[in-house]
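Novice: model the following, please.
(2 chains, ligands or ions: 2)
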Protein chains: 2
Amino acid sequence: PDKIGDADFANYFCTYGYLYHQKDMLEDTQRMNAYYDAVRKNPRAFKDKVVLDVGTGSGILAIWAAQAGAKKVYAVEATYMATHARKLIAANGLENVITVMQSTVEEVELPEKVDVIISEWMGYFLLRESMFDSVIVARDKWMKEGGALFPSNARMFLAPIRTNTANQKYNDFEDSCGGWDNFVDDTRENYGVDMSALTDTFEKEQREFFLNTSAWVDINPSQLLGAPCVVKEYDLNVVTLEEMKSVDAPFSLTVLDAMGNSEVGAFAGWFDVHFKGSKQNPCETEVELTTAPDANGATHWGQQAFYLERGIKPSDGGAVWGRLEMKRKRENQRLYDLKLTWEQGEEQGKPNEEIGESSNVWHIE
Amino acid sequence: PDKIGDADFANYFCTYGYLYHQKDMLEDTQRMNAYYDAVRKNPRAFKDKVVLDVGTGSGILAIWAAQAGAKKVYAVEATYMATHARKLIAANGLENVITVMQSTVEEVELPEKVDVIISEWMGYFLLRESMFDSVIVARDKWMKEGGALFPSNARMFLAPIRTNTANQKYNDFEDSCGGWDNFVDDTRENYGVDMSALTDTFEKEQREFFLNTSAWVDINPSQLLGAPCVVKEYDLNVVTLEEMKSVDAPFSLTVLDAMGNSEVGAFAGWFDVHFKGSKQNPCETEVELTTAPDANGATHWGQQAFYLERGIKPSDGGAVWGRLEMKRKRENQRLYDLKLTWEQGEEQGKPNEEIGESSNVWHIE
Ligand SMILES: Nc1ncnc2c1ncn2[C@@H]1O[C@H](CSCC[C@H](N)C(=O)O)[C@@H](O)[C@H]1O
Ligand SMILES: Nc1ncnc2c1ncn2[C@@H]1O[C@H](CSCC[C@H](N)C(=O)O)[C@@H](O)[C@H]1O
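Specialist: Numbers count the residues shown, from 1 in each chain, chains lettered A, B, ... in the order given. Ligands and ions are numbered 1, 2, ... in the order given. Reported below is the predicted structural model:
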């Protein structure tokens, strides 16, 4: 592809070129219902309006916007999926309303400004993929004063959960290190090379993999050991690129354990987005898309689990508070490292001095 | 990384930066024994010689060369693994003999020419990863007249095999297409969009995935339905970049079925390499590394299976002959498409006219 940076294509855009992957998203009913409702229950926002769909993929959102009476829809997609979208749009008789453009939205030239920008840009724990950067660029360049972003608001949540996986991860880590020790013995014996100088390096690498990497999970609400807290809120109509670069936010949680003996094995993170329109053009009907733990099964985003090497015991005190920081990876701006720093005690702000401050970093892969 | 192309880093070099992955290779005993023997059983080739290790990884081959008495070893590695190699080498007391250089071999500057180049560059079905290109560049730039490449020769094999996986792949393909049809119905009903215009595109994509992609397999020799044939041989000391660009070679196979009723469900491909030194400096002891089917289990390369949509029946005649072509993918020169074109009959060269010519393309992923 000409217009996409080569590394970004290999890392990021490649998968979106497959219908198989688009289908995964199109079969996520919670995602689909929310966007469908956001369009259908807000006819005023779309009727006779000019709409931009950032990252149209299969073209689904553009089609809904057109069906809702949009005057014109610009459907921009970086990958070859644009060709399929064009075909789908024609088959649904909407080629006169929707113009598909294969380009990154950063480089696209539209013939006019738009009333509405609709986009499904969210990644794991909201920010992964950093695709909202592209929406901001489009918003600032192409949205009319008073126009509305769909969705318009986003929130990130954190909650303490009960899980056995934390122990399992730790065991897997130990097994892997044990395997290395055998390997060192074998290599010394069979090939006359002492690999033990790399034992620390290997352990560090495996620790990163097993203990410092978050995981996709589909949590049952019964695993929650306390109410989730909102760690971060974004007003998408106004947030800046600068503000999206990183996160640094306080959080505070209360561990409520009905059983009285469950350890917090992990923090879980998820997000929701809301469709509220803008101040000048508020939605008739507000719609929510949440990726919170759900007994009926997760969206394709699931939740992210940040496993703890040392669980939080009920006896540590039920108050947990600290900071959540997220930084982009230097090598790949679409990926993040998440750092949690926290204290515990009987009451918020009164740390149990024996335990002191804890902190850990997780790679969101 | 500065010196590696970004896309190539994302696609290719990234995994080699992990000790975990290097360990996989270091635990492949057939691979290890062959290289170890190639060095240890050929002391004349290494004693007091200057050696270049192209892609030293953990540094293992460089260490063996130094232990065999090399005067100087240049160990070149593109990834950060170079740092670990340096540490390992120092821990084994060889830092005065081996100089580790973090660089692609294409860009490295050595202070002198070398007598021997050792490298483990082979990928799936020999050519995947295209790393031998780098060895050629190094050979033509840095090897003394009459120097020797380790390994010095390589061969690619093809054989007819019995397998149930071919049917399974076909069933998976059908299931996936059935799933799409349901999806089309659901989307029409629930969201008012007719996706059927993309059915062909989806089927084509899934066909590529299930039926036109080769797979890593660990074949039991009992699955072989005939002797393997050599489709391609390389004299690595002299082969040119131009000659490595693609493969176009005839093959002929005889299907021998002891049971009398086994279909050929796939062609299997693998390779071997030999350590013979060069004309001017032949090895004292020739060593072979083969990745052929082995009842004791495969090397980490396994074999590649090229599944047939329509199996070859014993009644089709036991002679199968045709051409094997391999081309690099346009988007990624390290990956290949393999095309087989063949005829069948009672005797080589006398095609069964009813069946005619068959052909298929597989992506080697
Ligand atoms: N900067 C950019 N410019 C254009 N397209 C982009 C982009 N960043 C991501 N995309 C595309 O945005 C899509 C996000 S997935 C969402 C697809 C579709 N709107 C749906 O809701 O089903 C992908 O197809 C991806 O290729
Ligand atoms: N052009 C190039 N320049 C330098 N290193 C390269 C290279 N192409 C591949 N490599 C490195 O070559 C290694 C191949 S794997 C073999 C590692 C080691 N020699 C062993 O036998 O165990 C990888 O570590 C890879 O990063």
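Novice: and whichever strand in chain A runs longest, how far out from the chain middle?
Specialist: Taking DSSP state E as the criterion, chain A has its longest strand at strand A:264-277. For strand A:264-277, the separation from the chain centroid amounts to 9 Å (computed by C-alpha atoms, centre = their mean, to the nearest Å).
Novice: elements contacting that strand?
Specialist: The helices and strands touching strand A:264-277, judged by 3 or more C-beta pairs under 8 Å, 6 or more residues apart in numbering or on different chains; DSSP states H and E, are helix A:29-40, strand A:143-150, strand A:153-161, helix A:165-191, strand A:282-290, strand A:303-312. Where C-beta positions appear, they are placed from N, C-alpha and C, glycine not excepted.
Novice: so it versus helix A:165-191, what angle?
Specialist: 120 degrees (axes from the mean of the first three to the mean of the last three C-alpha atoms, to 10 degrees).
Novice: burial count for A:E242?
Specialist: Neighbourhood size, A:E242 [other C-beta atoms under 10 Å in any protein chain shown]: 8.
Novice: export the helices and strands packed on strand A:264-277 to a markdown table and tack on distance to ligand 2, mean neighbour count and mean pLDDT?
Specialist: Shown next, in a markdown table, are those (distance: least, C-beta to the nearest ligand atom, whole Å; neighbours: other C-beta atoms under 10 Å in any protein chain shown; pLDDT from 0 to 100):
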| stretch | distance to ligand 2 | mean neighbour count | mean pLDDT |
| --- | --- | --- | --- |
| helix A:29-40 | 39 | 20 | 98 |
| strand A:143-150 | 44 | 20 | 97 |
| strand A:153-161 | 37 | 23 | 97 |
| helix A:165-191 | 11 | 15 | 96 |
| strand A:282-290 | 42 | 17 | 98 |
| strand A:303-312 | 30 | 22 | 94 |
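Novice: closest to ligand 1 out of those?
Specialist: The closest of those to ligand 1 is helix A:29-40. By C-beta to the nearest ligand atom, the value is 6.5 Å.
Novice: pull out the buried positions in the helix or strand immediately after the closest one in the chain.
Specialist: Sequence-wise, the next helix or strand downstream of helix A:29-40 (DSSP states H and E) is helix A:43-46. Neighbour-count burial for helix A:43-46 flags A:A45, A:F46 (criterion: 16 or more other C-beta atoms under 10 Å in any protein chain shown).
Novice: same question for helix A:43-46, mean pLDDT?
Specialist: Here helix A:43-46 scores 97 as its mean pLDDT.
Novice: just the CA atoms of that helix, as PDB, please.
Specialist: The C-alpha trace of helix A:43-46 is given here as PDB (Å, rounded to 0.1, in the frame of the first residue of the first chain):
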ATOM      1  CA  PRO A  43     -33.000  10.700  12.800                       C
ATOM      2  CA  ARG A  44     -32.500  14.400  13.300                       C
ATOM      3  CA  ALA A  45     -28.800  14.000  13.400                       C
ATOM      4  CA  PHE A  46     -28.600  12.200  10.100                       C
END
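Novice: so which elements touch it?
Specialist: strand A:114-119, strand A:282-290.
Novice: output the ones you listed as a markdown table; include the columns distance to B:V264.
Specialist: Below are those laid out as a markdown table (distance: least, C-beta to C-beta, whole Å):
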| stretch | distance to B:V264 |
| --- | --- |
| strand A:114-119 | 50 |
| strand A:282-290 | 51 |
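Novice: give the pairing partners of the longest strand of chain A; include direction for each.
Specialist: strand A:153-161 (antiparallel), strand A:282-290 (antiparallel), strand A:303-312 (antiparallel) (DSSP bridges).
Novice: can I get the ones you listed in a markdown table including distance to B:K245?
Specialist: Below are the strands paired with strand A:264-277 laid out as a markdown table (distance: least, C-beta to C-beta, whole Å):
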| stretch | distance to B:K245 |
| --- | --- |
| strand A:153-161 | 49 |
| strand A:282-290 | 50 |
| strand A:303-312 | 44 |
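Novice: for A:F9, which of those strands is the nearest?
Specialist: Closest to A:F9 of the strands paired with strand A:264-277 is strand A:303-312 (C-beta to C-beta; 25.3 Å).
Novice: which residues are contacting the closest one?
Specialist: A:124-125, A:160-161, A:163, A:165-166, A:169-170, A:211, A:214-219, A:255, A:263-270, A:291-293, A:320, A:338, A:340, A:344, A:358, A:360, A:362, A:364 (C-beta atoms under 8 Å, 6 or more residues apart in numbering or on different chains).
Novice: what is the following helix or strand past it packed up against?
Specialist: Where DSSP H and E defines the elements, the next helix or strand beyond strand A:303-312 is strand A:319-328. Secondary-structure packing of strand A:319-328 (3+ C-beta pairs under 8 Å, 6+ apart): strand A:247-254, strand A:336-345.
Novice: dump the C-alpha coordinates for the last one into PDB.
Specialist: Listed in PDB are the C-alpha atoms of strand A:336-345, where the atom choice follows Å, rounded to 0.1, in the frame of the first residue of the first chain:
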ATOM      1  CA  TYR A 336       0.500   1.000  25.500                       C
ATOM      2  CA  ASP A 337       2.100   0.200  28.800                       C
ATOM      3  CA  LEU A 338      -0.200   0.600  31.800                       C
ATOM      4  CA  LYS A 339       1.200   1.300  35.200                       C
ATOM      5  CA  LEU A 340      -0.800   1.000  38.400                       C
ATOM      6  CA  THR A 341       0.500   2.300  41.700                       C
ATOM      7  CA  TRP A 342      -1.600   1.800  44.800                       C
ATOM      8  CA  GLU A 343      -1.800   1.600  48.600                       C
ATOM      9  CA  GLN A 344      -4.200  -0.300  50.700                       C
ATOM     10  CA  GLY A 345      -5.800   0.200  54.100                       C
END
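Novice: give me the residue from chain A nearest ligand 1.
Specialist: Going by C-beta to the nearest ligand atom, ligand 1 is nearest to A:G55 of chain A, at 2.0 Å.
Novice: from A:G123, how far off is that residue?
Specialist: 12 Å (C-beta to C-beta, to the nearest Å).
Novice: residue numbers of the stretch 151-300 of chain A in contact with ligand 1?
Specialist: For the stretch 151-300 of chain A, no residue is in contact with ligand 1 (C-beta under 6 Å from any ligand atom).
Novice: show me the shaky parts of the stretch 201-350 of chain A.
Specialist: Residue ranges of the stretch 201-350 of chain A with pLDDT under 70: A:258-259.
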